[in-house]
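Colleague: Provided below are the primary sequence and the corresponding predicted coordinates.
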2 protein chains.
Amino acid sequence: MTASERNHDLDFFFYPRSLAIVGISTGTGALWSAGRMYLEALELYGFKGAIYLVNQKGGEFQGRPIYPSVLDLPEAVDLVVCCIGRQHVPQLIRDCAGRGVRAVSIFTGGFSERTGEDGRRLEDEIMALARNGGVRVVGPNCLGNFCPESGLAPDYTFPRESGPVGLICQSGGNALHFVRSAAPRGVRLNKFASYGNACDINESDLLDYMAADPAISIIAVYIEGVRDGQRFYRALRAAARVKPVVLLKGGVTEAGARAAACHSGALASSARIWEALCRQAGVVPVQTMEDLIDVVTTFLFLPRPSGRKVGLTGMTGGATVLATDECHAAGLEVPPLPEATRDALRQFFRGDPGLILDNPIDISTHGFVEGIYDTLKIMQGAGMDLILVQVPLGLFLLPRDFPEAQSLGLLTDDILRLQREGCLPMAVAIHSVVTAESKALALACQRRLAEAGVPVYNTLGGAARAVSAFIGWHERRDLEAAENPTAEDDFARLCSG
Amino acid sequence: MTASERNHDLDFFFYPRSLAIVGISTGTGALWSAGRMYLEALELYGFKGAIYLVNQKGGEFQGRPIYPSVLDLPEAVDLVVCCIGRQHVPQLIRDCAGRGVRAVSIFTGGFSERTGEDGRRLEDEIMALARNGGVRVVGPNCLGNFCPESGLAPDYTFPRESGPVGLICQSGGNALHFVRSAAPRGVRLNKFASYGNACDINESDLLDYMAADPAISIIAVYIEGVRDGQRFYRALRAAARVKPVVLLKGGVTEAGARAAACHSGALASSARIWEALCRQAGVVPVQTMEDLIDVVTTFLFLPRPSGRKVGLTGMTGGATVLATDECHAAGLEVPPLPEATRDALRQFFRGDPGLILDNPIDISTHGFVEGIYDTLKIMQGAGMDLILVQVPLGLFLLPRDFPEAQSLGLLTDDILRLQREGCLPMAVAIHSVVTAESKALALACQRRLAEAGVPVYNTLGGAARAVSAFIGWHERRDLEAAENPTAEDDFARLCSG
């Protein structure tokens, strides 16, 4: 479906039939590379529509004609990607309005994020021109948008498959971070918007849009500041009523806020205010990019556990002790196993004294050499709410003739077998990767597990925090539903409205 | 120097002239692999003394004779590594006493760390036999010791070079974690003791020993519980007076303490008590293994900064915003740059509007394509106390013909050039590694920097916390010295005592 078959202004940013890169050049300079990189990414990623190039000097680039102006384009493109010097942007907006372009994504920086200069004035000018000309703008100072469905991507390494995640990310770098880091975890995006200074389309517009998008089942947000606090809170609350919203606030400290102002012209505020705002809006707050990805992974793949009791299955004693501390600190419980379960474990392990057969259970090298299936199977009957498997990769004494790859393969097979047979909600943390070889193994194992719908993590602490946040979200929903039985109707109305 | 040329009981654990592995076997079973792995590690790592094998069945293994008993050994070995079933350990201790063995390291588990069984009784029996027989014991339930100087290592992948770090680590797995993860960071150990249940030699003995060891300039401690709180506090305080001591406490939560009891029979206590104890003893407390490594790295390589003002040099706006938050949260300052520095930066970057030329400075792709030398050079004059360089690897839009390896090579060259020329204290965090290729690059870059004495980190947050802890340690020392001008004499007395 192209943007013109849809009915929202913002559709033109994600489903353009055609686009023009303005600022492509064969010369050198900082912005030159931006235009070329967009073109390369679109070609390699497989953008389905027409791509036009624009530069006032004309000519051609890699066999494509370069049009001197947007006005010269053979069609009114849906989207323009702007990579020209900031002083030329106002004229571009005029031309876009004149040519019937609906949407402009402005990569160019140097606007309200710069202090003591004329950037703010220039940005206001652009905004006024856009409004008068009926052109919508994302940016300036942004990476733009990603939408696998239409082949629109700022980077050709992004996954091709569309998924259920909507990402609203003020920072382009952090959007890249999210997509690339979350990919091996099985997290696929439906779309993202990296919206920079938010001179026109802002966080609230994007929240409304993604809340109403039926293909998006969870919204992740990285935000540095808001334009209109009242509206933002309403948008956040409304979105959180219809789907999970996870939010990372950048610039929560004084210096961080100053950095955010320089980065995206955002007015930031304190960590405490944001924490309270999230809680009130029913949004899950997180503190780092890694936590953002961990929580999204959990919402996507972990079935809801009945409670907070974790059966912690780990390897090496010290690592499981620290893992238990991390679970507890995150608000999860690691209760002792019932005597019957311990008996079953003792029987299975024939009294091997090197193992710790309680909760946490430390099966150490045994697990790496003989697998983990039976342990996990026995743990199913221990009255736990979920199983957390901890694989501290690269920290074993393995026989030289028993390589780590073989161990990890065994472990993965066992976890997948259990998953197929049906089991308690299960999360797997593969961490402490020391070598590049271990990292390659961990990634391969994560991909296999993720493909089967098992939530995987890079740290045990991250897994524990994410699982706890996920359970907490459900607990609050239950409480709200009990207090307000008509809430479901409200959700329905919001969805259709 | 061998143990017999030294004058401390514990020397036999680290500088044995000869050792015997008791429990080597050609059969199968959990402990079989332990004995074989010790042998393999010692051979490959290059243990300089004689290695004997003991198993009651006799025979031979890989061309080596197997002696039926320690009593049959051709010499009184300095160290016995015990890998036999726990029920046989009392007789082994008797035999060791009979043959004049000075030190036994007991890998075997199943003692006081097991509840509801006779492990505690067995451990007490071993202890009594050892005391009566003049044998010192490390363990049971431990990995044993590491000392590159004498070629003694439980793992052949450990670095060969000796260094200034002493590690006291109740958990063998965490000792492995430390050595392997810290190696690419340039951290080299003088020795470690993984001491398990601490039935004889305990945390306090090891603290006294390493405090007095002139080859050790910093002590890292992972501990789950203490045998004698009073003595431990005294040992900790005394050690912290003569060299930096960094401590990670496992089992600080209720469930974690239960896990610790199962793991090493330790009686643990709350996080708050440990925090207070560390502060009083002048010890640096940390929360994770990663923080432990980060803090040790900092003490080893970072020159003392004059204060807490960080010049934060990063790449991609969002990442630098979050990095600023992390610095601030850790107790560091990221103050604005003086106008003169900003002018110099603007001039150098010819007004490129895509960059943020304040503190944090975001030089983004520019830095990756053209290097970082000039930026860092200009930052030297900005009145900062140290420079933190943030390299969020794998999160760039780089031209396809400009690979990440080239970028990282440029960056590393520039940092090393600055280091050679003399510069402010400088720390480098290379993080957000997404692919195995990036991990390989990051490791190679870390190794190059570490070899030149530049402290490197895996996360910006970790770097910030470690640097802050390092500065805080110095600040407290200054304060103490001012309050008690004779403290230096105390240190000297303790050292010689």
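Modeller: That came through, no problem. It should be emphasised that the depicted structure is a prediction, and the values quoted were computed from it without experimental measurement.
Colleague: and the gap between A:Val246 and chain B?
Modeller: 15 Å (CB to the nearest CB, to the nearest Å). (Glycine included, C-beta is placed from N, CA and C.)
Colleague: ok, A:Glu123 next?
Modeller: 12 Å.
Colleague: pLDDT weak spots in the stretch 301-450 of chain A?
Modeller: A:351-354, A:365, A:396-400 (pLDDT under 70).
Colleague: show me where it has helices.
Modeller: A:317-330, A:339-348, A:364-370, A:373-379, A:404-421, A:436-451 (DSSP state H, counting those that start in this stretch).
Colleague: what does the stretch 201-350 of chain A have sitting close to chain B?
Modeller: Residues of the stretch 201-350 of chain A lying close to chain B (CB under 8 Å from any CB of the partner chain) are A:222, A:224, A:250-256, A:258-260, A:262-264, A:288-289, A:315-322, A:324-325, A:327-329, A:333-336.
Colleague: out of the helices of the stretch 301-450 of chain A, which is the most enclosed?
Modeller: With neighbours defined as mean count of other CB atoms under 10 Å in any protein chain shown, the helices of the stretch 301-450 of chain A peak in mean count at helix A:317-330, which reaches a mean of 29.
Colleague: and it, what does it pack onto?
Modeller: strand A:310-314, strand A:361-362, strand A:386-392, helix A:460-483, helix B:172-182, helix B:254-264 (3 or more CB pairs under 8 Å, 6 or more residues apart in numbering or on different chains; DSSP states H and E).
Colleague: how far is that helix from where the chain is centred?
Modeller: 26 Å (CA atoms, centre = their mean, to the nearest Å).
Colleague: possible to save the helices of the stretch 301-450 of chain A as a markdown table with distance to B:Cys445?
Modeller: Shown next, in a markdown table, are those (distance: least, CB to CB, whole Å):
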| stretch | distance to B:Cys445 |
| --- | --- |
| helix A:317-330 | 27 |
| helix A:339-348 | 44 |
| helix A:364-370 | 30 |
| helix A:373-379 | 39 |
| helix A:404-421 | 24 |
| helix A:436-451 | 12 |
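Colleague: can you pull the contacts of A:Ala103?
Modeller: Contact partners of A:Ala103, counting by CB atoms under 8 Å, 6 or more residues apart in numbering or on different chains, are A:9, A:12-13, A:16, A:78-80, A:135-138.
Colleague: keep only those of the residues you listed that are in strands.
Modeller: A:79-80, A:136-138 (DSSP state E).
Colleague: same list (those) but as CSV, adding distance to chain B.
Modeller: Supplementary listing: the ones in strands among the contacts of A:Ala103 in CSV, determined by distance: CB to the nearest CB, whole Å:
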residue, distance to chain B
A:Leu79, 18
A:Val80, 18
A:Arg136, 22
A:Val137, 17
A:Val138, 16
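Colleague: out of these, who's the most crowded?
Modeller: Neighbour count (other CB atoms under 10 Å in any protein chain shown) singles out A:Val138 as the most crowded of these, with 31 neighbours.
Colleague: what is the residue lying closest to that one once chain neighbours are set aside paired to in the beta sheet?
Modeller: In space, and not counting its chain neighbours, A:Val138 is closest to A:Ser105: 4.6 Å by CB to CB, 6 or more residues apart in numbering or on different chains. Taking DSSP bridges as the rule, A:Ser105 bridges to A:Val81, A:Val138.
Colleague: tell me the contacts of A:Ser105?
Modeller: A:Ser105 makes contact with A:13, A:79-82, A:137-139, A:142, A:144-145, according to CB under 8 Å, 6+ apart.
Colleague: quick check, A:Asn55 in contact with A:Ala20.
Modeller: No - if you go by CB atoms under 8 Å, A:Asn55 and A:Ala20 don't touch, sitting 10.6 Å apart.
Colleague: which neighbours do the two have in common?
Modeller: A:Tyr67.
Colleague: the two: which is more packed in?
Modeller: Taking neighbours as other CB under 10 Å, A:Asn55 and A:Ala20 compare with A:Ala20 leading, 26 against 22.
Colleague: which helix or strand contains that one?
Modeller: In this structure, A:Ala20 sits in strand A:18-22 according to DSSP states H and E.
Colleague: name the helices or strands packed onto that strand?
Modeller: Counting contacts by 3+ CB pairs under 8 Å, 6+ apart, strand A:18-22 is packed against helix A:30-45, strand A:50-54, strand A:79-82.
Colleague: ok, A:Val165 to chain B distance?
Modeller: In terms of CB to the nearest CB, A:Val165 sits 17 Å off from chain B.
Colleague: got it, and A:Ser105?
Modeller: A:Ser105 is 14 Å from chain B, by CB to the nearest CB.
Colleague: okay, that residue: pLDDT?
Modeller: On the pLDDT scale, A:Ser105 is placed at 97.
Colleague: geometrically speaking, which residue is the centre of chain A?
Modeller: By CA atoms, centre = their mean, the mean C-alpha position of chain A lies nearest to A:Phe178, the distance being 4.4 Å.
Colleague: hmm, that one is touching A:Leu167, no?
Modeller: Yes - applying CB under 8 Å, one finds A:Phe178 in contact with A:Leu167, separated by 5.8 Å.
Colleague: surely A:Val179 and A:Arg160 touch.
Modeller: No - here A:Val179 lies out of contact with A:Arg160, judged by CB under 8 Å, at a distance of 11.9 Å.
Colleague: where among the helices and strands packed on strand A:18-22 is average confidence lowest?
Modeller: helix A:30-45 (a mean of 81).
Colleague: ok, the nearest residue to A:Val101 once chain neighbours are set aside - contacts?
Modeller: Excluding the flanking residues, the one nearest A:Val101 by CB to CB, 6+ apart is A:Val80, at 5.3 Å. Contacts for A:Val80 (CB under 8 Å, 6+ apart) come out as A:19-22, A:70, A:92, A:96, A:101, A:103-105.
Colleague: list just the nearest of these to B:Arg86.
Modeller: Relative to B:Arg86, the closest of the contacts of A:Val80 is A:Ser105; by CB to CB it sits at 68.3 Å.
Colleague: returning to what we had before: from the contacts of A:Ala103, which has minimum pLDDT?
Modeller: A:Asp9 (84).
Colleague: hmm, back to that, ok, A:Val179 and A:Arg160, which is more surrounded?
Modeller: A:Val179 (26 against 11).
Colleague: helix, strand or coil for the nearest residue to that one once chain neighbours are set aside?
Modeller: Spatially, and ignoring its direct neighbours in sequence, A:Val179 is nearest to A:Phe158 (5.4 Å; CB to CB, 6+ apart). Assigned state for A:Phe158: coil (three-state reduction, DSSP: H, G, I helix; E, B strand; the rest coil).
Colleague: burial count for A:Phe158?
Modeller: 19.
Colleague: which residues does it contact?
Modeller: Contact analysis of A:Phe158 by CB under 8 Å, 6+ apart lists A:45, A:146, A:148, A:179-180, A:183.
Colleague: for these, which one is nearest chain B?
Modeller: A:Arg180 (4.6 Å; CB to the nearest CB).
Colleague: hmm, the closest one is touching A:Thr157, no?
Modeller: Yes - with contact defined as CB under 8 Å, A:Arg180 counts as touching A:Thr157 (7.0 Å).
Colleague: so between those two, which is more surrounded?
Modeller: A:Arg180 (19 against 16).
Colleague: show me what contacts the more buried one?
Modeller: Applying CB under 8 Å, 6+ apart, the residues contacting A:Arg180 are A:157-158, B:394-395, B:434.
Colleague: quick check, pLDDT for it.
Modeller: A:Arg180 is given a pLDDT of 94.
Colleague: now swap in the one 3 residues further on and tell me
Modeller: A:Ala183 is assigned a predicted lDDT (pLDDT) of 96.
Colleague: ok, the residue nearest to it when sequence neighbours are not counted - how many residues close by?
Modeller: Distance criterion CB to CB, 6+ apart; nearest residue to A:Ala183, sequence neighbours excluded, is A:Pro159 at 5.1 Å. A:Pro159 is flanked by 18 other residues according to other CB under 10 Å.
Colleague: how about A:Ala482?
Modeller: For A:Ala482, using other CB under 10 Å, the count is 9.
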